[in-house]
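In: Okay, predicted coordinates and the sequence, questions at the end:
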Amino acid sequence: MTHATLSTASSLIAQFPWPELTGLKVLDLACGSGRNGLWFLYQGCEVTFIDQDLGALAELTHDKAHQWQWNLEDGSAPSLPQESFDIVLVFNYLHRPLFPQIAASLKRGGLIVYETFTWQQAQIGRPRNPDFLLRENELQSVFANWQPLHYFEGLLSDAAGTESAKVQLIALKP
């Protein structure tokens with residue numbers, strides 16, 4: 001692993017005060033480049049990466065890394081395994097029909113770590129399709145009976161200064 005791999009993990013992950021992570025099972029859903037899951041992998045977690053294209057992880061060989069190339073939106077993917085993960089990561093991805101599966105895939109006491117775009121993003125950039133944008137307080141409502149450990153909804157700036165309208169949630173499953 002390179003320093004760049006660690007430094008590109010989301011600031012939400014890099015700055016959160018995690019408990020001991022060694023041995024935990026993590027799902028990086030719609031993982032893209034896998035940057036967030038890789039951060040957990042190199043903290044000693046077992047990580048399952050799911051995406052319709054795992055090309056960015058083609059060279060990853062690690063005994064605690066699992067790669068499932070699934071299209072989560074066309075009905076061809078199996079259901080997520082239930083009560084299997086300690087942490088589920090979802091970044092810059094929204095497919096509302098998966099909310100129940102995401103919740104069910106976490107063990108009791110597990111953590112959801114979710115960051116994606118809100119409806120306000122359409123006013124400042126892409127994505128603009130409402131299917132990919134959360135409505136105000138929508139994510140908070142989906143996980144309303146969970147214990148929130150972190151919640152933010154508003155504008156975030158990346159390292160280059162580009163603003164995005166996002167929501168962040170880290171919550172504990174009851």
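Out: Received, thanks.

In: This protein: helices as residue ranges?
Out: Assigned helices in the chain, in chain order: 3-7, 11-15, 35-41, 99-105, 138-142 (criterion: DSSP state H).

In: How confident was the prediction at residue 7?
Out: With respect to pLDDT, residue 7 scores 50.

In: count of neighbours near the closest residue to residue 105 other than its chain neighbours?
Out: In space, and not counting its chain neighbours, residue 105 is closest to residue 80: 4.1 Å by CB to CB, 6 or more residues apart in numbering. Using the backbone N, CA and C atoms, a C-beta is placed for each residue, glycine as well. Residue 80 has 23 neighbouring residues, counting by other CB atoms under 10 Å.

In: Could you report the pLDDT at residue 80?
Out: Residue 80 is assigned 96 on the pLDDT scale.

In: correct me, but it touches residue 104?
Out: Yes: counting by CB atoms under 8 Å, residue 80 touches residue 104, with 7.1 Å between them.

In: contacting residues around the residue nearest to residue 105?
Out: Taking CB atoms under 8 Å, 6 or more residues apart in numbering as the criterion, residue 80 is in contact with 27, 29, 98, 101, 102, 104, 105.

In: Widest-spaced pair of those?
Out: Among these, the pair separated by the greatest distance (CB to CB) is 29 and 104, at 12.8 Å.

In: Spatially nearest residue to the residue of the chain positioned farthest from its centre, not counting backbone neighbours?
Out: Ranked by distance from the centre of the chain (CA atoms, centre = their mean), the top residue is residue 123, with 23.7 Å. Of all residues not flanking residue 123 in the chain, residue 165 sits nearest, at 7.5 Å (CB to CB, 6+ apart).

In: now do residue 41
Out: Among residues not flanking residue 41 along the chain, residue 47 sits closest, at 4.5 Å (CB to CB, 6+ apart).

In: One more: residue 48?
Out: With sequence-adjacent residues excluded and distances taken as CB to CB, 6+ apart, residue 48 is closest to residue 66, at 4.4 Å.

In: thinking residue 109 is in contact with residue 172, fair?
Out: Yes: applying CB under 8 Å, one finds residue 109 in contact with residue 172, separated by 6.5 Å.

In: Those two: which is more packed in?
Out: More crowded of residue 109 and residue 172, by other CB under 10 Å: residue 172, with 15 against 10.

In: Quick check, pLDDT for the more buried one.
Out: Reading off the confidence values, residue 172 has pLDDT 98.

In: any idea how far the residue most central in space within the chain lies from residue 59?
Out: Nearest to the mean C-alpha position of the chain, counting by CA atoms, centre = their mean, stands residue 90 at 1.7 Å. From residue 90 across to residue 59, the span is 24 Å (CB to CB, to the nearest Å).
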